[in-house]
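**Student:** no sequence on this one, just coordinates:
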């Protein structure tokens, strides 16, 4: 569940607490080009008010009318399919002949949604399992390996942060990166043992540790849903973290520093028990080249590069060393990560 869908959950609960009838709509399948991924939410109130999106605005008007007239009076969840043919896709504005199937729950449980909201607010990974025959759902514990599933009889929705970002360093850049990554629904851990950063980063939902980076990475455990970014500019701290991270299945490993410093860092790493393939996994200089000058701009470039790695999108950039203010960038999708 991303931050946008959490706002749908909050609004849906608020409406139901005001004794309004609400239907909950979830994207369960997409084909071709679709603006919203599976698991995306839309809540429809009995008077036609909505929050959230399942198609970027393509099918919402028709869906709202259908929910009000046909589905809200029903007792059980129903599926609705848009864009079966190119003609229908064009009618509803679905791009490139795309199709989307949604499940509509006409009577979601208020207590169940409250329970889910509490768990997600606590950053607890949760699995909501909807039974299509009865309309009832239960909440189970989940982990980052779980993913959205729909088999026609049950719908399995993963809620809570499936992706984790571990930052080494609690400086100004880390503070901006924290804010942006929180909005992108990452679980965030910041590690910095330095006395001058003892107060850490004061953002709700961010875990702060003053332990040594290598020890903390071992304690936390790094999986393939974890990104690690070293931002202290101190080789004694950054390199310690990288030695652990580069041996792990982390989907992204980056380090702050110029190209010259990055080259020196890679030479240092060769002195340890790391293969050339492991060292080649390091993103450095960290972030996409967008001419960033300020900490907020640098945070944007870093999170953009992490996002590309998350979805396995290859980034190809051309840098003009004589004029670092301009760049050209092309993006090629190579695969999709669950």
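**Tutor:** Ah, there it is. Predicted, not measured: the structure shown is a model, and the values here were computed from it.
**Student:** avg pLDDT for the longest strand belonging to the chain?
**Tutor:** Counting residues, the longest strand in the chain under DSSP state E turns out to be strand 22-31. Mean pLDDT, taken over the full extent of strand 22-31, equals 92.
**Student:** with stretch 150-168 instead?
**Tutor:** 94.
**Student:** residue numbering should commence at 581 henceforth.
**Tutor:** OK, 581 is where the count begins now, so the last one is stretch 730-748.
**Student:** show the end-to-end separation of it, please.
**Tutor:** With Cα to Cα, to the nearest Å as the measure, stretch 730-748 spans 38 Å from end to end.
**Student:** just to check, residue 605 is in contact with residue 621?
**Tutor:** Yes - if you go by Cβ atoms under 8 Å, residue 605 and residue 621 touch, sitting 6.9 Å apart. Glycine gets a C-beta too; all of them are placed from N, C-alpha and C.
**Student:** need the overlap of contacts for those two.
**Tutor:** Any residue near both residue 605 and residue 621 by Cβ atoms under 8 Å, 6 or more residues apart in numbering counts here, and that gives 632, 634.
**Student:** next, residue 596: secondary structure please.
**Tutor:** Residue 596 carries the three-state label helix when classified by DSSP: H, G, I helix; E, B strand; the rest coil.
**Student:** and the closest residue to it other than its chain neighbours, what does it touch?
**Tutor:** Using Cβ to Cβ, 6 or more residues apart in numbering and skipping the chain neighbours, the partner closest in space to residue 596 is residue 690 (4.7 Å). Listed by Cβ under 8 Å, 6+ apart, the contact partners of residue 690 are 593, 596, 597.
**Student:** make it 10 Å
**Tutor:** Residue 690 sits next to 592, 593, 595, 596, 597, 602 when contact means Cβ atoms under 10 Å, 6 or more residues apart in numbering.
**Student:** which stretches of the stretch 781-918 of the chain form strands?
**Tutor:** In the stretch 781-918 of the chain, the strands defined using DSSP state E, counting those that start in this stretch lie at 786-789, 806-810, 832-835, 893-899, 907-913.
**Student:** which helix or strand lies directly C-terminal to the longest strand of the chain?
**Tutor:** strand 621-625 (DSSP states H and E).
**Student:** tell me the strands beside that next one, with direction?
**Tutor:** Partner strands for strand 621-625, per DSSP bridges, with pairing direction: strand 602-611 (antiparallel), strand 630-632 (antiparallel).
**Student:** can you pull the domain assignment for the protein?
**Tutor:** Residue ranges for each domain of the chain read 583-739, 743-890, as given by automatic domain parsing.
**Student:** in JSON lines, list those domains along with distance to residue 896.
**Tutor:** Conversion of the domains of the chain to JSON lines gives the following (distance: least, Cβ to Cβ, whole Å):
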{"stretch": "domain 583-739", "distance to residue 896": "22"}
{"stretch": "domain 743-890", "distance to residue 896": "11"}
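**Student:** any idea which of those domains scores lowest on pLDDT?
**Tutor:** Sorting the domains of the chain by mean pLDDT places domain 583-739 lowest, at a mean of 87.
**Student:** ok, which stretches of the chain are helices?
**Tutor:** With DSSP state H as the criterion, the chain has helices at 583-597, 640-646, 666-672, 690-701, 752-763, 793-800, 815-825, 839-849, 856-859, 875-890.
**Student:** quick one: end-to-end distance for stretch 773-780.
**Tutor:** End-to-end for stretch 773-780, by Cα to Cα: 9 Å.
**Student:** I meant stretch 823-833, not that one.
**Tutor:** Start-to-end, stretch 823-833 (Cα to Cα) is 11 Å.
**Student:** of all the residues in that stretch, which ones are buried?
**Tutor:** Using 16 or more other Cβ atoms under 10 Å as the test for burial, stretch 823-833 gives 823, 824, 825, 826, 827, 828, 830, 831, 832, 833.
**Student:** the first one against residue 793, yeah?
**Tutor:** Yes - distance between residue 823 and residue 793: 9.3 Å, which falls inside the contact criterion (Cβ atoms under 10 Å).
**Student:** re earlier: buried ones among the contacts of residue 690?
**Tutor:** 592, 593, 595, 596, 602.
**Student:** okay, those in TSV with distance to residue 895 next?
**Tutor:** Formatted as TSV, the buried ones among the contacts of residue 690 follow (distance: Cβ to Cβ, whole Å):
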residue	distance to residue 895
592	37
593	39
595	41
596	43
602	41
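**Student:** I'd guessed residue 624 sits against residue 647; true?
**Tutor:** Yes - Residue 624 is within contact range of residue 647, at 4.7 Å (criterion: Cβ under 10 Å).
**Student:** and for those two, which residues touch both?
**Tutor:** By Cβ under 10 Å, 6+ apart, the residues touching both residue 624 and residue 647 are 602, 603, 604, 605, 630, 684, 686.
**Student:** most widely separated two among those residues?
**Tutor:** 630 and 686 (14.8 Å; Cβ to Cβ).
**Student:** give me the phi and psi angles of the residue nearest to residue 772 when sequence neighbours are not counted.
**Tutor:** Computed as Cβ to Cβ, 6+ apart, the closest residue to residue 772 that is not its neighbour in sequence is residue 750, at 4.0 Å. Dihedral angles phi and psi of residue 750 (degrees, to the nearest 10) take the values phi -120, psi 30.
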